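Trainee: The amino acid sequence is not available; the structure is as follows:
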């Protein structure tokens, strides 16, 4: 089932299944950005 408000996110959601702890360096930021690609929303594992 889909509803009108949710359709704005269709095809624009990325998922990150890895959790490497705190992002303490640029490499982790780059890794997260690469997971996002062109998506507008990123769901991250182990982030409630």
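Mentor: All right, it came through fine. Every value quoted in this text rests on a predicted model; they were computed, and no experiment measured them.
Trainee: and residue 42, that one's in a strand?
Mentor: Yes - the assignment for residue 42 is a strand, going by DSSP: H, G, I helix; E, B strand; the rest coil.
Trainee: Just list whatever residues bridge to it.
Mentor: In this entry, residue 42 is beta-bridged to residue 14, by DSSP bridges.
Trainee: tell me the contacts of it?
Mentor: Counting by Cβ atoms under 8 Å, 6 or more residues apart in numbering, residue 42 touches 13, 14, 15, 16, 32, 35, 36. Backbone N, C-alpha and C define where each C-beta goes, glycine included.
Trainee: Selecting buried members of the residues you listed in ChimeraX, what would you type?
Mentor: To isolate in ChimeraX the members of those that are buried, counting by 16 or more other Cβ atoms under 10 Å, one can use:
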select :14,16,32,35
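Trainee: quick one: which of the contacts of residue 42 is nearest residue 22?
Mentor: Of all the contacts of residue 42, residue 32 has the smallest distance to residue 22: 12.0 Å, by Cβ to Cβ.
Trainee: what are the phi and psi angles of the residue lying closest to that closest one once chain neighbours are set aside?
Mentor: Distances taken as Cβ to Cβ, 6 or more residues apart in numbering place residue 16 nearest to residue 32, at 6.5 Å, with adjacent residues excluded. Dihedral pair for residue 16: phi -120, psi 110, per degrees, to the nearest 10.
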